[in-house]
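> Only the shape, not the letters, is given here:
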């Protein structure tokens with residue numbers, strides 16, 4: 001879908017958007033529930049950034065274009081499966097800068113409780129950044145990580161298969177952001193201030209892309 005929209009940018013600039021997070025990022029956890037001794041499979045498709053538009057910023061952490069799945073609440077996961085969601089939020093600095101910025105990807109951190117499980121995934125836009133249009137900057141790619149309690153992280157393949165995860169480990173899923181619309185130099189100062197106050201973008205990102213010198 002992004003390729004088709006990208007091909008139409010010169011003809012329909014007012015209807016064009018920066019590249020989004022691609023197809024859904026997939027996360028699959030499977031194992032045996034230590035309480036019930038029953039096998040389980042938890043599968044979710046996760047959204048990401050939606051690109052910047054001609055008159056407004058892109059959306060953060062959403063399903064895009066032709067997808068037809070939605071967010072699974074943390075409470076539902078933890079009630080149905082022997083899994084603990086240790087973190088859930090947007091990925092900092094993942095939306096591409098622009099006159100109207102791209103939307104941010106999302107991060108979900110999942111740990112198996114009382115047992116070892118197996119993780120499989122299928123990442124989209126994990127190698128190539130979602131592009132910006134009309135001078136907008138590209139968004140950040142996605143990634144899978146295997147983390148432990150000591151803070152050590154191991155990057156997994158873009159489409160990992162059969163990854164063993166112990167109760168002392170967590171799978172970190174970070175979905176792609178999206179591209180911005182228009183040059184960053186033309187972004188409204190009020191919107192830059194909102195970016196900083198939202199916590200979705202670091203001061204270093206703001207300074208690098210918008211040339212703003214920040215003080216305490």
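Arrived safely. Note that the coordinates shown come from a computational prediction; the quantities given were computed from them, not determined experimentally.

> Show me the strands in the protein, by range?
For the chain, applying DSSP state E gives strands covering 25-32, 39-46, 83-90, 106-112, 117-122, 143-148, 153-155, 163-165, 169-174.

> any chance of those in CSV, with mean pLDDT too?
Below are these laid out as CSV (pLDDT from 0 to 100):
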stretch, mean pLDDT
strand 25-32, 97
strand 39-46, 95
strand 83-90, 97
strand 106-112, 97
strand 117-122, 98
strand 143-148, 97
strand 153-155, 96
strand 163-165, 98
strand 169-174, 98
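
> Ok, which of the ones you listed comes nearest residue 193?
Nearest to residue 193, of all the strands of the chain, is strand 83-90, at 18.0 Å by Cβ to Cβ. C-beta coordinates here come from the backbone N, C-alpha and C atoms, glycine included.

> Next, the buried residues of that closest one.
Neighbour counts over strand 83-90 (16 or more other Cβ atoms under 10 Å) mark 83, 84, 85, 88, 90 as buried.

> Reformat the strands of the chain as a markdown table; add distance to residue 64.
Shown next, in a markdown table, are the strands of the chain (distance: least, Cβ to Cβ, whole Å):
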| stretch | distance to residue 64 |
| --- | --- |
| strand 25-32 | 11 |
| strand 39-46 | 11 |
| strand 83-90 | 15 |
| strand 106-112 | 12 |
| strand 117-122 | 16 |
| strand 143-148 | 19 |
| strand 153-155 | 25 |
| strand 163-165 | 26 |
| strand 169-174 | 16 |
